[in-house]
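In: no sequence on this one, just coordinates:
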């Protein structure tokens, strides 16, 4: 399949996800911005704010092309100029309730005029409070999706997510991880269609997973203390995205559309100097689970 | 003078500033943490939270030494290992009121076992709402301080601040700038004492400047809209510090004490997708003044 076909699939995916999220939220609607990129291509940014479940969320689609930025050429050890084409969908949802998790999903396709192409993507969950049964269910859902395509994927991509979504300066993971993969190219075991099918599987597992969490706890009452902890966890989310996330850094450095890149920022975030959870509290339990290498399934 | 003398001066400076800020705030007190650095040295972090004027602020002193980090060796083009000694005071204050400005001040001294040494520092102001008379007064105060030492300093260091405190991804300055300088070494026009005297001048101009602003507007009533705008401006402050600020990035990359480095984070910050100020509003006027090259004096 061609880059145009992949790109159209992502566009339809965006439509489908936005509709379903609006329905699940029941209140707010996405606001759409179309933008063009100097140098080639553009995107369709959709943001929802002030919903009954979703406080702020973005579902972004883009397809951009042109000369590969020199930073990227250098990072790939390329000397000659090449053209690139990149398309994908990127989602971050910040819920109102501290008892509903933050989610991130991204699927992307990249190709260069020298013939190289690859897929990337992932889903990871950041519960403000980690509930073990939810973490197990989430990881099992991802494992089921992966297993349909390759029995080695889940473990490999789960480890990748643990390593990627990690706030090194805090020595803690962003949330409970999930899966993350990049540079997935064809080889003797898989052709382009198989790779694309896997990416579609992940993309399409987003809705059942997140609407499950949207429904589950949306009506549960929560305390002031839980709300405060949510805002602190969001502060860590900001730290990860601005300090470590490669997509964010690269986008900002190469004159990407700032508002689309920073849709991942929470509506409100807090910082308290030298926060420590009370011994034996739910907050302490959560912080203890923000580490790499937990086998949830 | 020796590195120990400079370091002791900074320690006394921290004491002096903390006392005066507590007095000016009239309510909250600094909380002190002493920390040690693996590899040599340590610091005295002082943070104040929930004051009547200051919502969150830090006045940090440190003196650290040891092997120069390989990242720093590389950035200076050094091949052989050297020892370093670095000491300084760093301040960020986030006030409660949107009508009182955020301030940042830093003075620092760095020396290496190969005999090289330099001073750096600066003060910059981030009013949530830019009032022209305040901006003029602030820059005039800095110019007066600079002029006592070298008539070329103000212009040079003001331009440096404009360039440094700049959110490239927003194409806007963090605030109204101030002065910023780094790598100030001795030469035919100035010896070490003269450089240190200048740094002391800047350090000591912090209190009269900021207590002036603490007093000026602390009792002025403000609206919900002004509070919201303050939180958005704080979001930009977070972006600058996490994406661009070299000190923050370097500190986080080299295993600095995270809580001391990130004391600069505001207590609460907001993000709204694609914010635009209402035409003709005070917010629009402020955004129009967040650019380089404004001659305030």
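Out: Looks like it came in fine. The structure displayed is predicted, hence computed values, not measured ones.

In: Residues of the stretch 101-250 of chain A that sit close to chain B?
Out: A:168-170, A:231, A:235, A:238-239, A:242-243, A:249 (Cβ under 8 Å from any Cβ of the partner chain). Backbone N, C-alpha and C define where each C-beta goes, glycine included.

In: Would you list the buried entries among those?
Out: Those of those that meet the buried threshold are A:169-170, A:231, A:235, A:238-239, A:242-243, by 16 or more other Cβ atoms under 10 Å in any protein chain shown.

In: mind checking the SS state of the residue in the stretch 51-200 of chain A that chain B sits nearest to?
Out: In the stretch 51-200 of chain A, no residue comes nearer to chain B than residue A:169, which is 4.2 Å away by Cβ to the nearest Cβ. Recorded secondary structure, residue A:169: coil (DSSP: H, G, I helix; E, B strand; the rest coil).

In: Just flag the most distant two among the buried ones among the residues of the stretch 101-250 of chain A next to chain B.
Out: A:169 and A:231 (19.3 Å; Cβ to Cβ).

In: rewinding a little: any idea which of the residues of the stretch 101-250 of chain A next to chain B is closest to residue B:66?
Out: residue A:169 (19.2 Å).

In: how many neighbours does the closest residue to residue A:50 other than its chain neighbours have?
Out: Nearest non-adjacent residue to residue A:50, counting by Cβ to Cβ, 6 or more residues apart in numbering or on different chains: residue A:28, 5.5 Å away. Counted with other Cβ atoms under 10 Å in any protein chain shown, the neighbours of residue A:28 add up to 19.

In: For the helix or strand residue A:252 falls within, report the contacting residues that lie outside it.
Out: Applying DSSP states H and E as the criterion places residue A:252 in helix A:246-253. With Cβ atoms under 8 Å, 6 or more residues apart in numbering or on different chains as the contact definition, helix A:246-253 has outside contacts at A:71-72, A:90, A:106, A:241-242, A:256-258, A:261-262, A:264, B:168-169, B:243.

In: Buried among those? Need that as a selection in PyMOL.
Out: To isolate the buried members of the contacts of helix A:246-253 in PyMOL, using 16+ other Cβ under 10 Å:
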select buried, (chain A and resi 72+90+106+241+242+256+257+258+261+262+264) or (chain B and resi 169+243)
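
In: Most widely separated two among the contacts of helix A:246-253?
Out: Top of the distance list for the contacts of helix A:246-253 (Cβ to Cβ): A:106 and B:168, 24.1 Å.

In: Check the gap between the closest residue in space to residue A:101 that isn't next to it in sequence and residue A:52 for me.
Out: Using Cβ to Cβ, 6+ apart and skipping residues adjacent in sequence, the residue nearest residue A:101 is residue A:127, 3.9 Å away. Distance, residue A:127 to residue A:52, using Cβ to Cβ, to the nearest Å: 19 Å.

In: For the two, indicate the residue with more neighbours.
Out: Neighbour count, other Cβ under 10 Å: between residue A:127 and residue A:52, residue A:127 has more, with 24 against 16.

In: for chain A, what are the low-confidence residue spans?
Out: Across chain A, nothing is flagged by pLDDT under 70.

In: I'd like the next helix or strand past the helix or strand containing residue A:180.
Out: Per DSSP H and E, residue A:180 falls inside strand A:178-184. Scanning forward in sequence from strand A:178-184 by DSSP H and E, the next helix or strand is helix A:192-217.

In: list the buried ones in that next one?
Out: A:195-196, A:198-203, A:205-207, A:209-211, A:213-214, A:217.

In: Could you do stretch A:281-297 as well?
Out: A:283, A:286-287, A:289-290, A:294, A:296.

In: Ok, stretch A:41-53 next?
Out: So, applying 16+ other Cβ under 10 Å, buried residues of stretch A:41-53: A:41-49, A:51-53.

In: And for stretch A:161-172?
Out: A:161-162, A:164-167, A:169-170, A:172.

In: Tell me how many other residues crowd the residue nearest to residue A:192 when sequence neighbours are not counted.
Out: Spatial nearest neighbour of residue A:192, chain neighbours left out: residue A:186 (5.6 Å); criterion: Cβ to Cβ, 6+ apart. Residue A:186 has 14 neighbours, counted by other Cβ under 10 Å.

In: Can you read off the backbone torsions of residue A:186?
Out: Backbone torsions for residue A:186, taken as degrees, to the nearest 10, come to phi -70, psi 150.
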